[in-house]
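1. Fold the following for me, if possible:
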Amino acid sequence: MSIEVDEVKKIAKLACLNVDEADLQAYATDLSNILDLVAQMDAIDTTDVTPMSHPFDAVQRLREDVVTDFNRREDFQAIAPAVEDGLYLVPKVIE
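-> Model prediction:
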């Protein structure tokens with residue numbers, strides 16, 4: 001498949017890319033080569049090819065869910081400037 005310079009301009013505009021006029025032909029050639037490679041790979045018969053492993057087939061090792069810390073709210077609120085009913089009091093910011 002061949003990509004023309006006008007198509008590269010249109011793609012660049014849609015992608016909000018600023019492409020220099022001097023580089024348009026090189027981009028058109030590169031994109032054409034990429035699409036030709038994809039077409040070649042698409043033409044290959046892969047019916048007898050065994051699929052490779054997939055990351056979704058992997059099993060994640062998980063650690064046991066154990067509580068390792070305890071409630072220290074009173075310790076933290078003891079050093080806070082202002083606390084009421086277990087809540088931190090802060091200056092009013094929005095009126």
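
2. And the residue nearest the centre of the chain?
-> P55 (16.6 Å; Cα atoms, centre = their mean).

3. any chance you could map the strands in the protein?
-> Listed in chain order, the strands of the chain (DSSP state E) span 83-84, 87-88.

4. closest one to S32 among those?
-> strand 87-88 (63.0 Å; Cβ to Cβ). Quick note: C-beta positions are derived from backbone N, CA and C, even for glycine.

5. State the pLDDT value of E64.
-> pLDDT recorded at E64 is 89.

6. what sits against it?
-> By Cβ atoms under 8 Å, 6 or more residues apart in numbering, E64 lies in contact with nothing.

7. how near is it to N71?
-> 21 Å (Cβ to Cβ, to the nearest Å).

8. Run a quick check on N18 versus A12, I expect a contact.
-> Yes - between N18 and A12 there is a contact under Cβ atoms under 8 Å: 7.4 Å.

9. Which one of the two is surrounded by more residues?
-> When N18 and A12 are compared on other Cβ atoms under 10 Å, the one with more neighbours turns out to be A12, at 15 against 6.
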